[in-house]
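Peer 1: below are the sequence and a predicted model for it; my questions follow.
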Amino acid sequence: MELFHYLVDHDFKVTFVNTKFNHKRVIIALSAENTMPQLALVSVPDGLGEEDDRNDLELIEKSNETGDPMTCMLVDEGMECAIELGRKKGLRSVVFWPVTTLMLATIMSITELISRGVLDAHAIFIGTPIPEPKMF
């Protein structure tokens, strides 16, 4: 959500699209009502039910009818089917993978973890966790 707030702060209009299951979780987590008109929270079918169609272009088509159409998509890596849908409608798309942020933070912390004795710098594989001492 921080990324979307950042985009809104820089004059982007954002539609935050989630599966129905995740949408409910986001709404609960936000707890406060969305007061930013540039940020819309919507849900789409999970694609797991027989009646769900992951190739449904309805959301994109509806945005085109509003006079304020989507111009690009920032898509979570887990929803790669959305990239193909965007291509069908001529939208520029970027895949966002939040795990890469965690990986970078971990890599940047290796030296500190070694100095704190959490990782063993002299193990065969650098960064091997130090086993906890056995208690007798």
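Peer 2: All right, it came through fine. Owing to the predicted nature of the structure, the values given are computational and were not obtained by experimental measurement.
Peer 1: use CA for all of it now, contacts and neighbours both
Peer 2: Noted.
Peer 1: what's the following helix or strand after the helix or strand encompassing residue 100?
Peer 2: In the assignment (DSSP states H and E), residue 100 maps to helix 99-115. Later in the chain than helix 99-115, the nearest helix or strand by DSSP H and E is strand 119-120.
Peer 1: quick check: residue 120 vs residue 104, distance?
Peer 2: Look at residue 120 and residue 104: by C-alpha to C-alpha, to the nearest Å, they are 19 Å apart.
Peer 1: go on, residue 122?
Peer 2: Distance, residue 122 to residue 104, using C-alpha to C-alpha: 22 Å.
Peer 1: residue 29 too?
Peer 2: Distance from residue 29 to residue 104, counting by C-alpha to C-alpha: 26 Å.
Peer 1: which secondary element of this structure has the worst mean pLDDT?
Peer 2: Lowest on mean pLDDT, DSSP states H and E among the helices and strands of the chain sits strand 128-129, with a mean of 62.
Peer 1: for residue 19, list each beta-bridge partner.
Peer 2: Beta bridges link residue 19 to residue 44 when assigned by DSSP bridges.
Peer 1: can we start the residue count at 2 from this point?
Peer 2: Sounds good: first residue 2 from here, last item residue 20.
Peer 1: what is the neighbour count of it?
Peer 2: By the criterion of other C-alpha atoms under 10 Å, residue 20 has 15 neighbours.
Peer 1: and the residue positioned nearest the centre of the chain, how far from residue 115?
Peer 2: Residue closest to the average C-alpha location in the chain (C-alpha atoms, centre = their mean): residue 77, at 4.5 Å. Distance, residue 77 to residue 115, using C-alpha to C-alpha: 33 Å.
Peer 1: ok, residue 44 next?
Peer 2: For residue 44, the distance to residue 115 - C-alpha to C-alpha - is 44 Å.
Peer 1: also residue 45?
Peer 2: Computed as C-alpha to C-alpha, the residue 45 to residue 115 distance reads 45 Å.
Peer 1: alright, calling it a day.
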